[in-house]
Structure formats: C-alpha cells, structure tokens
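Undergrad: predicted model, plus sequence, below.
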Amino acid sequence: MKLSIVILAAGQGKRMYSNLPKVLHHLADKPLLEHVLRCATQLSPETIYIVHGHGGEQVKQQLTPAIEQLNPIKVTWVEQSEQLGTGHAVAQVMPLIPDDHQMLVLYGDVPLIKVTTLQTLCQKIAPQQLGLLTVTLDNPQGYGRIVRKQGNVTQIVEEKDADAEIKTIHEVNTGILVLPVKELRYWLNQLNNHNSQGEYYLTDIIALAVQNNFMIATCSPENSDEVLGVNDRVQLAYLERCYQTQQVHRLMLSGVTVRDPERLDIRGTITAGKDVIIDVNVILEGKVTLGNGVKIGPHTYIRNSDIGDNAEILANTVIEESKIGEQCRIGPFARLRPEVVLDQAVRIGNFVEVKKSTVAHHSKINHLTYVGDSEVGSEVNIGAGTIVCNYDGANKHKTIIGDRVFIGSDTQLIAPVKIGDGATIGAGSTIMQDAPAEKLTLSRSEQRTIPNWKRRPKKEDK
C-alpha cells in the first residue's frame, strides 16, 4: 500500500489562552506535533503533509530540527489560510497526492497515538473500504457519535448537530481514518457547510462513502488516552501524566525500581541496566543511560548523560551532558555542567561545580569547589573552597592537575597553570605559576597582629 499521511495542525487553540500555536505546546519536553510526527514516520509513508495555519512560520521553525532528524522521510508543509473545517484542511493537500495512494489523517494535538494502533487500522483496508478509528467512552460528551445500522457504520454525527437519541451513543469518532485518495477527491467535492459550525466536516465523508457502497472498517485503540486531544491546559496536564505513567511503567517492567512512579518524569529516551533505583522527584531528560546498580537520589535532574555501573547520585544533584564512570559518587547538591568526564570511583561532593573537565580515577573533590576547563589526574584530593579561575574576563584558559596532587583548602588556581604529579599546594594559596612535582608550593602573606587596635563602636540608635 502506498501511504501518504496528513497531519492537521492549523488550529489556533483559543482555549489555551496563549500566544503559542496549540501544536507547539510541550508534552514531555517536545511539541505536541513532534510526538505525532515521530509516530507517523514509523509507518514509512511516501510523504508526510503537515497542514498549518495559525503561527505557521513559528511551527515550521520549531519543528525543523526534528524533521531533519527524521530523514529520509519527506515532510511537506501545506498552508490552510482560512480555517473552514477538517474537510477544507484535507482539500488543501489533495493536489499533491497521487490517486493510487491511501491517506491516513492524523491530528497535531493528539500526541499519544501509538504506531501499533495505526498499523492495525491500515491493515483493515481492503478494496471498497475505509478505515476508521473509534473509541467507546463512558462520557462521550463533545465527540461526534458513530451511527450504525445492523452493525455497519452509516454516518458520523457531530454533537452540536445530534438529537437526543444520537447523544445516547457512546461509540465516538477519533477523527483518525484511512481513505483511498481517488475516491476522496470526489467526496470532498460533495461536502457542504450546512451545519451548526458552518464548516466542512471531514466526518461527512463517511456517509458519502456508504452511499457509494464502501464499507467502513473500524478498530479501536487499547486505551482511550491514545486518542485524546489537547484543547486546554487541563487536558495537556492530564496527557502529560498519562505519558509519564506509560514511560515509568515501561522502565519498571525492564527491572528498574522507582520509589514513587508518580514522582518521576521522563522527557527523552532512557536506557537502564539491572537493579537501578530511582528515588522521588527525579527528572530524566534527553538521552540518558543508567548502568547496572545505579542509585539516583531524590530531587535530581539528569540530561543527556551516561551514568556508569554502581554509581550513586545523591540528592539535589544536576548533571548535564556528562559521562560518569563506574562507582562514582556525586552530590548531594552537586552540579556537573556539560562536557564533564569522570573516570572510575571519582567523588564529587556537596556544593561542587564541575564544567568542561576530565577527572581521572579515585580523585576527590568533596566540598564547596569550582573546577572548570581542567584536566585532573588520578588520586587527587582537592580541598574545600578551591576555585579554578579559568576565565580572565575575555577568554577561558586550561588548568592541568597531575596525579596524586593534594590541594589545600581555599586555594585559587589562576589558569593557565600546571600542577605537577605528587605536588602539594598549601591551604589558602593563590597559584599563578606552574607548581613543580613532588614539592610543597604555597603563597601566603605574613600573619600580623596589630597592637592597640580596637573595634569601632556601633552608633547608638537615636
């Protein structure tokens, strides 16, 4: 089957009360439309057509990076300058699609649709048939009802046009359907806007197809959440939680212990080994790999990073675009900024910030320290309050710290500077020149006591 996919994404989303087009609102840190687009590509269509309208240029701009990642799938943008209904939206695409294609219609604000559901729907298609995705809801209010006669679908009636009897029907239209393009051209020309909305409904195609002796083949998703759309921020929050529940359940079924599934947010792709433990209020974003036996403490944020086997990330730690070796211990209250690489059994302690640096095995940076643009050797101990002064106000400079170095507390290393293997730096030093290996280097002014000095008295309150 030659398949073209049309994603309708032209709506403004008035109930979002936002300057942002509705399909650009985020779910799990991606625009709603991107979720639909990524699902659509898994069906390997000939082309994906995105019908845009409100904020079209903004939508294009934000989706371009995702589309570039999806090559070689071809994505074509089609403008719907006036929003005259779903039938009108699909009509804008028709000149671009060959007659021998089937068209799958999706919606840019329905982000949880699964590829397996769409595959089942497409497989329903046979000659003289349409494929229609329906769902049965306990509360069908607001949805178009599926009208059947002797079990066969005969039409879809929108709620605003439905009488009391039709409103008792609980099987509703999801809007997702597969149609033969050749016949669709004819049916679209037959549509009218004689309804309460004054719009051209794509759903009216169903009745026209039945009149032309087409059967309507239906199927339903496993879960109704798949086909729920976003019209306001309450619905967006609900679908966010649905998505997170799905992701967390998948993670737990792979062997990860999650202390509280309601308090883990996954905003990317997570790969985890055996016996991983994740505490509460953790956010995993982008591409994150967790090795065997990793423990992640509460209130932790990890983005685009690899965490090695048996590493422990303590509470309130932030890790971005870094690689953490086996048996490392990070935190609490530590921050690893991008381009940090830690070797085996490194310890990064509380209120330590590391940026664009490598730290070799068994080194310790335990307290209140900043290390930036540095190479730190193995078995190094960096004392509390140490600062690598890597920025001169215009440029960044590199610091190299050799193996087995001991740096005393409250030290400033003024880059560029090199500390030789086995060197010791005395506490309170400001190091502006290279320090030789195996030697004690320090810089201190002479301690003095001023005789007859008295502290200035406080002024009395008037």
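TA: Structure received.

Undergrad: for the rest of this, base every contact and every neighbour count on C-alpha atoms.
TA: Noted.

Undergrad: hmm, Thr43 is touching Lys114, no?
TA: No Thr there; residue 43 is Leu. No. Contact between Leu43 and Lys114 fails when scored by C-alpha atoms under 8 Å: they sit 10.7 Å apart.

Undergrad: next, the contact list for Val78, please.
TA: Tyr49, Ile50, Val51, His52, Gln92, Val93 (C-alpha atoms under 8 Å, 6 or more residues apart in numbering).

Undergrad: scratch that, Cys122
TA: Contacts of Cys122 (C-alpha under 8 Å, 6+ apart): Gly131, Val178.

Undergrad: assumed it was part of a helix.
TA: Yes. Under DSSP: H, G, I helix; E, B strand; the rest coil, Cys122 sits within a helix.

Undergrad: renumber starting at 31 from here on
TA: Sounds good: first residue 31 from here, last item Cys152.

Undergrad: how far does stretch 180-194 sit from its chain's centre?
TA: The gap between where stretch 180-194 is centred and where its chain is centred comes out at 38 Å by C-alpha atoms, centre = their mean, to the nearest Å.

Undergrad: which parts of that stretch are buried?
TA: By 16 or more other C-alpha atoms under 10 Å, the buried positions in stretch 180-194 come out as Val183, Thr184, Gln185, Ile186, Val187, Glu188, Glu189.

Undergrad: send me that stretch as PDB with only the CA atoms.
TA: Extracted in PDB, the C-alpha atoms of stretch 180-194 (Å, rounded to 0.1, in the frame of the first residue of the first chain):
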ATOM      1  CA  GLN A 180     -27.200  -3.600  11.600                       C
ATOM      2  CA  GLY A 181     -23.600  -3.300  12.900                       C
ATOM      3  CA  ASN A 182     -22.300  -1.300  10.000                       C
ATOM      4  CA  VAL A 183     -21.200   2.300  10.300                       C
ATOM      5  CA  THR A 184     -23.500   4.600   8.300                       C
ATOM      6  CA  GLN A 185     -22.500   8.100   9.400                       C
ATOM      7  CA  ILE A 186     -20.900  10.300  12.000                       C
ATOM      8  CA  VAL A 187     -22.900  13.000  13.700                       C
ATOM      9  CA  GLU A 188     -21.200  15.800  15.500                       C
ATOM     10  CA  GLU A 189     -22.600  16.500  18.900                       C
ATOM     11  CA  LYS A 190     -23.700  20.000  18.100                       C
ATOM     12  CA  ASP A 191     -25.800  18.500  15.200                       C
ATOM     13  CA  ALA A 192     -27.000  15.500  17.200                       C
ATOM     14  CA  ASP A 193     -30.500  14.900  18.500                       C
ATOM     15  CA  ALA A 194     -31.200  13.400  22.000                       C
END
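
Undergrad: hang on, the earlier thing: give me the buried subset of the contacts of Val108.
TA: The neighbour count (16+ other C-alpha under 10 Å) marks Tyr79, Ile80, Val81, His82, Val123 as buried among the contacts of Val108.

Undergrad: ok, of those residues, which one's closest to Gln149?
TA: Taking C-alpha to C-alpha as the measure, Gln149 lies nearest Tyr79 of the buried ones among the contacts of Val108, at 18.4 Å.

Undergrad: which SS state does that closest one fall under?
TA: Assignment for Tyr79 (three-state DSSP): strand.

Undergrad: for it, what are its contacts?
TA: Ser34, Ile35, Val36, Ile37, Val105, Thr106, Trp107, Val108, Val123.

Undergrad: quick check: the gap between Arg263 and Gly205.
TA: 21 Å (C-alpha to C-alpha, to the nearest Å).

Undergrad: neighbour-wise, which of the two wins?
TA: It is Gly205, of Arg263 and Gly205, that has more neighbours when counted by other C-alpha atoms under 10 Å, with 18 against 13.
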